[in-house]
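*Asks:* Sequence and predicted structure, then a few things I'm wondering about:
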Amino acid sequence: VLMDKRAGNYLYMDSRRKIAFHPNVEFRHASSSVYELFTNYRNMPGYSVKTLGEERIDDQLVIGFRLVTYIPQIGPLTYNIWADPETKLPIRIETTVTNPQGNPVEQTITDIRFDEPLDDALFDFTPEGYDLVAPTDVNPTSSEPEPAAEGDPAPEEPATQPPASVEPPTESQDANIAPTQAPQPPTGVAGIVVSKLTQQPVKGAMIRHKISDPNTATYSDQRGRFLLTDLEASGQYYLYLTAQGYVSQRIATTIVAGRIVDSIRFELDPGSRVDGIVTDAQGGPVAGATVRTFHFTNVPFVTGPDGRYEIDGLNPVTDAYSLHVTHPEYPAVSVRFAPPAVGQTVRQDVVLQPGVDVYGTVTDAQGRPIEGVTVGNTRSGAMWNCLTDDTDQEGQYRLENVDLGELFLWAVHSNHAMYVEHTTLPPGHDSIRIDIQLEPPVPLHIRVVDQADEPVAGVSVIVHEYNGVSNLTRERPSTDAEGRVVIPNGAAEGTIRLNPFGGGISGELQEFELGQEEYVLQVFRAGRIYGKAVSAATGKPMEEFTVKMTFSQVEKSPSGYSATWSREGFIFKSPDGHFDTGREDLPIGGSYRVTVFAEGYDPLTLDPVEVQPICEDPNRARFDLVQATLLPGVVLDAQDRPIENAMVAIFSDVERHEPRYWKTFTTDAQGVFVIAGIATEQHYVYITAPGYAPYYCHRTELETESNALPRIVLTEGATIFGTVVDPQGHPRVGLTVSVTKTSDVQTGPDYPRLTSRKSTETDPNGRYGLLELPPGACDVRLSTRDNKTLATKSVHLEAGQATQVDFGNEEGFAVTGVLRRGPAPIAEADITLHLSDRNRRQAQTNDQGQFRFDGIVAGRHRLSIRCSDAPPWQSNAPSLIEEHSIQVDGDMHLDLDMGDGVVSAFIPPSVRDREGLSVRVRRWTEIPEDDEMNRHWQNDHQAQESSRIGSDGRFVCERLRPGQYYLTLGDKNRVLGITDVFEMGPSDHRDDIVFHLGRGRLSIRVIDAQTARPIARESYEIENDLEWLFYDRAAMETDAEGRALYEGLPPGRYQVSCGAVGYLQANSDFVEVDDSRLAQVTVALQPAAMARFTLSEHLRSRVDTDSVFIYCRVTDLDTQTIVPLGHSQRHTVRFSLAQPDEDSFSRLHLPAGRYRLDYEIRPYNTARNTVEMPVHKGTV
């Protein structure tokens, strides 16, 4: 099966009957919003979350989380997510995955990129040896009522009446001709194409039902009307529209046999273009290259002798497009670029580099050649750039023009175990031989059960992924009456992900380690969401409307859905205003967020809406739509001149990562726009225009009581350009240059901190350029096509000015090094050199563990190392971050040993059987930060991942570097013991480490520092002088007399800290604790001056959550210094808007004094534990 969920394309191939067909189904799809996924984790089942603490990544302070979970339609995953502590937005997500049907989901180091779709041409051809048939010829028509999602036209609509612009036949009829069987009524669609701004018809728009086949197209006439017939009846059909100068569109509709669905309406926004030249490495034009943009509906362009291409119909509000170029004589290339403003053209040249042929022989375990083995070269057999070949009688295969660098080589055969190998293809070779030996198959015995542990029959189970490669097999066996099924060609070891689907269930990808006797998949029974849309004013049903759906923000959403639901949505036509989710396999009892849109009305969102069992008379969620809100405005330049063709978009916090699907409007010749129809949650407005920097604001900026139009003044955009060369001065071709805004300089009030990033590639001369950038501080990043960062420079851009930033021509010294673990080199480790001027250089170690930096200026710099011992397909596996301070005064060489020491210690028998027993490895670190050295104890994650507790109670930990360590022992409730600090030398093996269990007691008293009055019922913390917190989940609170007794402390020095409502946080002195006496401490709390926040009605109107966070930077007006809170320079206040809060977090606690508070207000959803973008910033 070939599946492109985003485009809604599916091609099934029945290898037994040699038939192919496009199914009448729509599959669910996991949300592509990583922020939504990240912030929703607490309310989804199966999540385990750990904090990684604060780190610095590329000179930015981040806070890390580790999520071990399963993602709807992706399956079990482990993420390391590094987020901005202020915005809570992800900065770095260390994973690369593939969605269930094989489309790659790429998540980059510095931004997030999703779902590079399959080439639509894959779905428009008949595979060799197959017959293309209608889906009705494959399965009998179901007796189940058609879901409302298919949107049948109202009965009174003329079924076969063509549009008025289509001339009826005028040929005369011969009366002598015998009557024949009456022809079948035509099946198709009809409609109109108009400009959204002027509502005037658009002539010459091309409408297709197959994206890559112009023979399936029709064109709109001078009245904008079109008719497209000879279509096959389908529960859901995608129509693709392209028109010169307008943004291309795709809509989903229903095709009914024997009827013309004649109410299709396309409203077009003005668009922009991309053009360029495709050349070879020597700069010569390449003819016959196919160029296309993904997430896009335009026709692929094939270059001529001059190598030129042009693609129209880009959406100017989209952050980036992926330009994909294929040619039979070169490896496929993907280039990311930012579209220009309305009516503009961005130049993007593409250089095709030579590849290498990979060939070899595939044999069985006895060395005999195997015929018919499919061999491929990417992480998914369904990727757009995947090359495959089937072995011949001698077992030989050949993959031509494979890209250099990382290679995932895989082989699959129904009678042999699946095979995956990860290697690297070096330059300098025309061909490389890689032989493959397949092992005997190991059958996988699978059982599928529901939530009640009952077997589920008729469920198809496929191997979604094996050792990091997906879509290896096409077999899809189904479970029997006992819920059992066998996949015959499993492997003996490795990691596998199984995907259950069909059979009336809502399943998820589930991961297993191979080698088990049985693999049990638990699934949900599937149901539907039912709704009804009516006019709030009249109560009459809406006969035509669009429905979108996404994850609930207040309840659990245990399963994913088709991406079309959250993007274009589905059009419904029903005289009763009814709709349901049709064949979407949603889990019964799950909850989702549903929005209904109708022309002339404000969108309405209900959350949560529960999935019900399929039934004839369901309890429908009612959507009462009100008349559309109108928000006008005028867009001007700095000289008060109106800006025509500025594009205005409105979006919500949930929608912010998918600008392709924002609702957009365009300014007229007077710069005026009118936003019509606004959902309550759509708080944010984005505006872009040719030659100007992007502008963001909150929609309340347009909600004025004055009769005058709100004025939006745009700032001239900045330009950046430069040249990239190697150390010898030769141009570096085909590298990616991206610009990301880093400062908080606002281009509009309440700047929502969206990713402001544009990118391009260097041309054959190594040159690049980017326009219409926001002014302010930004990072200019140089990276390879596979997203490996080479260098980053920080610059400040000025409005209307051009800034030159070159790479590779820097003067300075060479810094070389080798990275090893004991005597073994460490390959593919990321090395970052943070220079004293705040720029960065990055490299990766080779197979010998070597790295090199050229052009490094003299001074003290910081070297950071990131490496992992996990298999290459586990790109989300934990990785080590090691940092060193180096002084460069000339050429230098570094020898960096990451350690192969081993330590072991026995768990004392008295606690060996405790539940949740765990050991933490702590290491003394000295990390350079700015001009200081940050010295402290921290968890050694590298060592932690290699540790284990044996059945004999022995704890063993490997991969320890030279330095000082200690171990802590705890169970699920409290800390049990600790070791002494011990020293590890290079390759040391220590087995003399002993845990000291806690027997000491500490008496604690908390009082008012001014009155000595005891402070009751307040929590406290205990920390030793090794920076380790001791806790007991059963009791960490003072009694009515302000006293507490903590028992079970190992010998050592301890400090108690406490905070209370109305008091400043305070610490006791350190006190020595042993088992010979009762130690005592007193914590005296100073009364605090408190500030309570209230929101005005105007600000309340901006918040649709039940709580808010207020982040404050506090400045002492007398000393003009920042007042910190612990190690942070920011104070946080959280309070409820639904009920009074009296805890210490609801008020600001400060010493008495005069202060300036710079604050921002962020809505907080307590049920989802999500913090949204700022709705207001201010100073008091």
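*Replies:* On my side now, so go ahead.

*Asks:* helix/strand/coil for Phe1145?
*Replies:* Going by DSSP: H, G, I helix; E, B strand; the rest coil, the secondary structure assigned to Phe1145 is helix.

*Asks:* For the stretch 201-350 of the chain, just list every one of the strands.
*Replies:* Shown for the stretch 201-350 of the chain, the strands assigned by DSSP state E, counting those that start in this stretch span residues 206-208, 217-219, 225-228, 234-242, 249-255, 260-268, 272-280, 290-293, 301-302, 308-314, 321-327, 330-337, 345-347, 350-352.

*Asks:* To Ile505, which of the ones you listed lies closest?
*Replies:* Minimum separation from Ile505 across the strands of the stretch 201-350 of the chain (C-beta to C-beta) falls at strand 234-242, 19.6 Å. Backbone N, C-alpha and C define where each C-beta goes, glycine included.

*Asks:* sorry, back to before: who wins for proximity to Val594 among the strands of the stretch 201-350 of the chain?
*Replies:* Minimum separation from Val594 across the strands of the stretch 201-350 of the chain (C-beta to C-beta) falls at strand 249-255, 16.3 Å.

*Asks:* Report the contact partners of the closest residue to Gly1048 other than its chain neighbours.
*Replies:* Sequence neighbours aside, Gly998 is the residue nearest to Gly1048 in space, at 3.8 Å (criterion: C-beta to C-beta, 6 or more residues apart in numbering). Gly998 sits next to 975-977, 1030, 1047-1050 when contact means C-beta atoms under 8 Å, 6 or more residues apart in numbering.

*Asks:* Just the buried residues of those residues.
*Replies:* Applying a neighbour-count criterion of 16 or more other C-beta atoms under 10 Å, the buried members of the contacts of Gly998 are 975-977, 1030, 1048-1050.

*Asks:* Could you double-check that Gln612 sits in contact with Asn619?
*Replies:* Yes: under the criterion of C-beta atoms under 8 Å, Gln612 is in contact with Asn619, at a separation of 6.8 Å.

*Asks:* between these two, what contacts are shared?
*Replies:* Contact criterion C-beta under 8 Å, 6+ apart; residues shared by Gln612 and Asn619: Tyr530.

*Asks:* These two: which is more packed in?
*Replies:* Neighbour count, other C-beta atoms under 10 Å: between Gln612 and Asn619, Gln612 has more, with 18 against 9.

*Asks:* beta partners of the more buried one?
*Replies:* Beta-bridge pairing for Gln612 (DSSP bridges): Arg528.

*Asks:* measure it to Phe570 for me?
*Replies:* Counting by C-beta to C-beta, to the nearest Å, the separation of Gln612 from Phe570 is 18 Å.

*Asks:* same question, Ala676
*Replies:* When distance is defined by C-beta to C-beta, Ala676 is 21 Å away from Phe570.

*Asks:* who's more crowded, those two?
*Replies:* In this view Ala676 and Phe570 are compared by other C-beta under 10 Å, and Phe570 has more residues nearby, 26 against 16.

*Asks:* Confirm for me that the more buried one is in contact with Tyr238.
*Replies:* No: using C-beta under 8 Å, Phe570 is not in contact with Tyr238; the gap is 11.1 Å.

*Asks:* What segments of this structure are helices?
*Replies:* 34-39, 563-566, 941-945, 1097-1100 (DSSP state H).

*Asks:* what's the last one packed up against?
*Replies:* What it means is helix 1097-1100. With contacts taken as 3 or more C-beta pairs under 8 Å, 6 or more residues apart in numbering; DSSP states H and E, helix 1097-1100 sits against no other helix or strand.

*Asks:* can you give me how far that helix is from the chain middle?
*Replies:* From the chain centre to the centre of helix 1097-1100 is a distance of 32 Å (C-alpha atoms, centre = their mean, to the nearest Å).

*Asks:* sorry, back to before: any shared contact partners between Phe570 and Tyr238?
*Replies:* By C-beta under 8 Å, 6+ apart, Phe570 and Tyr238 have these common neighbours: Ala252.

*Asks:* Report the mean confidence score over stretch 713-731.
*Replies:* Model confidence over stretch 713-731 averages 92 on the pLDDT scale.

*Asks:* Just the terminal-to-terminal distance for it.
*Replies:* The stretch stretch 713-731 measures 40 Å between its terminal residues, going by C-alpha to C-alpha, to the nearest Å.

*Asks:* buried sites along that stretch?
*Replies:* Within stretch 713-731, the residues that qualify as buried by neighbour count (16+ other C-beta under 10 Å) are 714-725, 731.

*Asks:* just stretch 1085-1095 next, same as before
*Replies:* Applying a neighbour-count criterion of 16+ other C-beta under 10 Å, one finds 1085, 1087-1088, 1091, 1093, 1095 buried in stretch 1085-1095.
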